[in-house]
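Trainee: below: sequence and its predicted model.
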Number of protein chains: 2
Amino acid sequence: MDTQPVTLRTLAERLGLHVSTVSRVLHAKPDEQLRAASEATVARIRTLADELGYQPNPHATSLRTRRSNLVGVLVPRLSDIVLATIYEGIEESAAEHGLSTFVTNTRDIPAAQRARTEMVLARRVDGMIFGDAYVDGRFLDEVAARGVPFVLVSRRAGRHVSVTCDDYHGGRLAAEHLLERGHRSVAVIAGEPYASTGIDRTAGFVDTYREAGLRIPPERILHSPFDARGGRLAAEKLLSRDAPGGRPPTAIFAVNDFAAIGALGAARDLGLLAGTDLAVVGFNDTPLAAELPIALTTIRSPMHEMGRRGMELLVKLIRGDEVAAERLRPELMVRASSGADLPQRRPAAGS
Amino acid sequence: MDTQPVTLRTLAERLGLHVSTVSRVLHAKPDEQLRAASEATVARIRTLADELGYQPNPHATSLRTRRSNLVGVLVPRLSDIVLATIYEGIEESAAEHGLSTFVTNTRDIPAAQRARTEMVLARRVDGMIFGDAYVDGRFLDEVAARGVPFVLVSRRAGRHVSVTCDDYHGGRLAAEHLLERGHRSVAVIAGEPYASTGIDRTAGFVDTYREAGLRIPPERILHSPFDARGGRLAAEKLLSRDAPGGRPPTAIFAVNDFAAIGALGAARDLGLLAGTDLAVVGFNDTPLAAELPIALTTIRSPMHEMGRRGMELLVKLIRGDEVAAERLRPELMVRASSGADLPQRRPAAGS
DNA sequence: CTTCGATACCCAAACGTTTGGGCCAATCGT
DNA sequence: ACGATTGGCCCAAACGTTTGGGTATCGAAG
């Protein structure tokens, strides 16, 4: 099955050396290497090693060193492009550090989070990255108590180290944009109540409106899954005749692009033209956002970068360094769905 | 760091037994177990084991048994929801079989495929799943020559074992649907030329039209990346004034939902109403398809199932069983973008 | 002519399992 | 009452590394 049963011993025997010598030459840092063998020997070892295609056996190494160079990654679902993109960053950085990752879906179900964490830990990973944190962080406290190094991405929780978008600020950006365009009657599709992303984005949005003297009533803030279907359902409620709070809002802020797309769909089914009759703002700037029939105004969050930084922090943490949480800067992307740059229609007047 | 330095030896010593006895009781199959210890002893071992929370060290096991229970998965990009969904199936099935997976992105770049394959193989995986096969299968031939068990998912290549959608049939379904609706002048956004998915879907589509006596000229078949931007660009070309082949087509078949969404966007920018002025059919039935402002007619492909089956085949392959390729059944999902069930507009007449 | 310090190696134990083969005592068949 | 089973367990080697310690050789210093 395996092409190479070539081990340190193979090399050592062929060269009349001891395996420890070969090991040091091949794996030790330069300074140790010099003590281990003469230049000539080093060369001989190196040549034979790649002639035979020697590959160290990672299981043996891990067994001996108690380091697996493995990290576990938990996400709600990889089929959510946001998490998938974050994971791409994680994996990219992991590869650069010589680490491999196990990634698994927990569907935001606590029992699955537990089970998968155990599974991953049983594999003796060196650390973990959680992309599915519940904001209360109870479960994570337990994990921390077991001494497992980990960092959170995408969502924050408790006082655990996390790399997130500055979601609160992102919420403000969305609000400022809609305020500027004159929307005074707005609603929020706020995502799942246990995810800090939705919570913080909503808070930033609501606070900004409050500071402008406009209170967004609680009935105008709906929780929903982070997907198109959830967004559609929520939007249908918000826009229906018997909308909560009397008449429907003129703008909707969805804390996630997919929810926003769902809202766009709902609007259209009600005969509303997005961008003209209803402004919609999403979050994340998913690649799709710019390509939609009605391009989506949204808050760009650096997802890939978030993954990279998360991994980098984890590496430091594993090394024993101190690390602090990071908030990455979001950016407003103005497009047609909030009434800007409508291709061949007059720009809508806000409100 | 690790919470449990509890090994077989820990247990054995505490119980005054030999580690081999403990090992057999804890891990051997029932028949060996009976020979290994008395019922009373078995009980004692079991209780202590989970009292102390014994977790076998997988590195030691792998070292000894030469099986890692690891499999490597290569995909073009996980941020493509199609592959992400397939991976969810893979991972789900892997977990059921006690396997863990490494998944990595190769962005369809051959050099990356090579590099990542080496990386994964260096981890001594028991097998691999490729979701990024080039249809020629040259690279895969090399991998096969090295004796690594693997299966392909999503795309087929050469004569390697694969689990795919019956893409050719899917193409036919799309064609039949458009023919039925009277479209005689059609175009195809065919995806990347090296991916069997695009090739087969296009072939099924083209063949069906040919059988109906309608030839689709080559200029009406455009390759493009499997994403919204690629679809938009291709559609813009197809629909432009100086469209290849004189006047623009009345229908576009995109071999991928995201490309189809891009096409929808392009249509809209040209002032065409999808479903009325232009029919668009996608492929995969991504969750988004049904939720779009103009719901997308598309061919559903069982992505999750494809992943599951792929993993199951791999497990058999690793066991040494013979396995054959599988083609999963696609299904036509008729929605508004091909002129059906338009919410509050008259159904469009085809062509 | 010892002694010292490098240089260039070798030794051996350990990491935690698995597994083919023992060994002893009690039980069974006859 | 004897040898043959068999139940219940132990032994030891092996998987492929890493790593703290040797040791032998040699040139130079004292």
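Mentor: On my side now, so go ahead.

Trainee: low-confidence regions, chain A specifically.
Mentor: A:1-4, A:33-34, A:242-246, A:340-351 (pLDDT under 70).

Trainee: could you list the residues of it in contact with DNA strand D?
Mentor: A:5, A:7-9, A:19-20, A:23-24, A:26-28, A:54-57, A:60-61, A:63-65 (CB under 7 Å from any atom of the strand). In this view, the C-beta of every residue, glycine as well, is placed from N, C-alpha and C.

Trainee: tell me the buried residues within these.
Mentor: A:7, A:8, A:23, A:24, A:26, A:54, A:55, A:57, A:60, A:61, A:63 (16 or more other CB atoms under 10 Å in any protein chain shown).

Trainee: so which of the residues of chain A next to DNA strand D sit within helices?
Mentor: Among those, the members falling in helices (DSSP state H) are A:8-9, A:19-20, A:23-24, A:26-27, A:60-61, A:63-65.

Trainee: and those, which is closest to chain B?
Mentor: residue A:63 (4.3 Å; CB to the nearest CB).

Trainee: is it true that the closest one touches residue B:58?
Mentor: No - using CB atoms under 8 Å, residue A:63 is not in contact with residue B:58; the gap is 9.5 Å.

Trainee: now tabulate the ones in helices among the residues of chain A next to DNA strand D in JSON lines and tack on distance to residue A:94.
Mentor: Shown next, in JSON lines, are those (distance: CB to CB, whole Å):
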{"residue": "A:8", "distance to residue A:94": "26"}
{"residue": "A:9", "distance to residue A:94": "30"}
{"residue": "A:19", "distance to residue A:94": "30"}
{"residue": "A:20", "distance to residue A:94": "30"}
{"residue": "A:23", "distance to residue A:94": "25"}
{"residue": "A:24", "distance to residue A:94": "27"}
{"residue": "A:26", "distance to residue A:94": "23"}
{"residue": "A:27", "distance to residue A:94": "20"}
{"residue": "A:60", "distance to residue A:94": "21"}
{"residue": "A:61", "distance to residue A:94": "17"}
{"residue": "A:63", "distance to residue A:94": "21"}
{"residue": "A:64", "distance to residue A:94": "22"}
{"residue": "A:65", "distance to residue A:94": "18"}
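
Trainee: so which of these are also by chain B?
Mentor: Applying CB under 8 Å from any CB of the partner chain, the subset of these adjacent to chain B comprises A:60, A:63.

Trainee: any chance of a markdown table for the ones in helices among the residues of chain A next to DNA strand D, columns distance to DNA strand C?
Mentor: Below are these laid out as a markdown table (distance: CB to the nearest atom of the strand, whole Å):
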| residue | distance to DNA strand C |
| --- | --- |
| A:8 | 10 |
| A:9 | 10 |
| A:19 | 6 |
| A:20 | 3 |
| A:23 | 8 |
| A:24 | 7 |
| A:26 | 13 |
| A:27 | 13 |
| A:60 | 7 |
| A:61 | 9 |
| A:63 | 4 |
| A:64 | 4 |
| A:65 | 8 |
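
Trainee: nearest to residue A:317 among the ones in helices among the residues of chain A next to DNA strand D?
Mentor: residue A:65 (18.0 Å; CB to CB).

Trainee: need the helices for the stretch 201-350 of chain A, in chain order.
Mentor: Secondary structure of the stretch 201-350 of chain A (DSSP state H, counting those that start in this stretch): helices located at A:228-239, A:257-269, A:303-319.

Trainee: where along the stretch 101-250 of chain A do the strands fall?
Mentor: A:127-130, A:150-153, A:162-165, A:186-189, A:221-222 (DSSP state E, counting those that start in this stretch).

Trainee: any idea which of those gets closest to chain B?
Mentor: strand A:127-130 (9.6 Å).

Trainee: ok, and what's touching the closest one?
Mentor: Contacting residues not belonging to strand A:127-130 are listed as A:71-74, A:90, A:101, A:117, A:120-121, A:140, A:143, A:148-153, A:310-311, A:314, A:317-318 [CB atoms under 8 Å, 6 or more residues apart in numbering or on different chains].

Trainee: how about that strand: buried residues?
Mentor: Neighbour-count burial for strand A:127-130 [16+ other CB under 10 Å]: A:127, A:128, A:129, A:130.

Trainee: how about the nearest residue to the third one, chain neighbours excluded?
Mentor: Counting by CB to CB, 6 or more residues apart in numbering or on different chains, residue A:73 is the residue found nearest to residue A:129 once chain neighbours are left out, at 4.7 Å.

Trainee: closest residue of the stretch 1-150 of chain A to DNA strand D?
Mentor: Taking CB to the nearest atom of the strand, DNA strand D has its nearest neighbour within the stretch 1-150 of chain A at residue A:20, 2.7 Å off.

Trainee: residue contacts, the residue nearest the centre of chain A?
Mentor: Residue closest to the mean C-alpha point of chain A, counted by CA atoms, centre = their mean, is residue A:86 at 3.8 Å. For residue A:86, the contacting residues are A:75, A:131, A:153, A:154, A:303, A:304, A:306, A:307, A:310, by CB under 8 Å, 6+ apart.

Trainee: for stretch A:127-135, measure first residue to last.
Mentor: Distance between the two ends of stretch A:127-135: 20 Å, counting by CA to CA, to the nearest Å.

Trainee: now residue A:148: how far from residue B:95?
Mentor: As for residue A:148, its distance to residue B:95 is 20 Å (criterion: CB to CB, to the nearest Å).

Trainee: among these two, which residue is more densely surrounded?
Mentor: residue A:148 (20 against 17; other CB atoms under 10 Å in any protein chain shown).

Trainee: the nearest residue to the more buried one once chain neighbours are set aside bridge partners, please.
Mentor: Counting by CB to CB, 6+ apart, residue A:148 lies nearest to residue A:128, which is 6.1 Å off, once chain neighbours are set aside. Going by DSSP bridges, residue A:128 is paired in beta bridges with residue A:72, residue A:150.

Trainee: and residue A:128, how far from residue A:304?
Mentor: From residue A:128 to residue A:304 the distance is 20 Å (CB to CB).

Trainee: ok, now residue A:133?
Mentor: Taking CB to CB, one finds residue A:133 at 19 Å from residue A:304.

Trainee: pick out whichever of those two has more residues nearby.
Mentor: A count of neighbours by other CB under 10 Å puts residue A:133 above the other of residue A:133 and residue A:304, at 28 against 17.

Trainee: contacts only, for that one.
Mentor: By CB under 8 Å, 6+ apart, the residues touching residue A:133 are A:140, A:152, A:154, A:155, A:156, A:157, A:160, A:162, A:195, A:196.

Trainee: try it again with 6 Å
Mentor: By CB atoms under 6 Å, 6 or more residues apart in numbering or on different chains, the contact list for residue A:133 reads A:152, A:155, A:157.

Trainee: ramachandran angles for the residue lying farthest from the centre of chain A?
Mentor: Residue farthest from the centre of chain A, counting by CA atoms, centre = their mean, is residue A:16 at 51.1 Å. Main-chain torsions, residue A:16, degrees, to the nearest 10: phi 70, psi 40.
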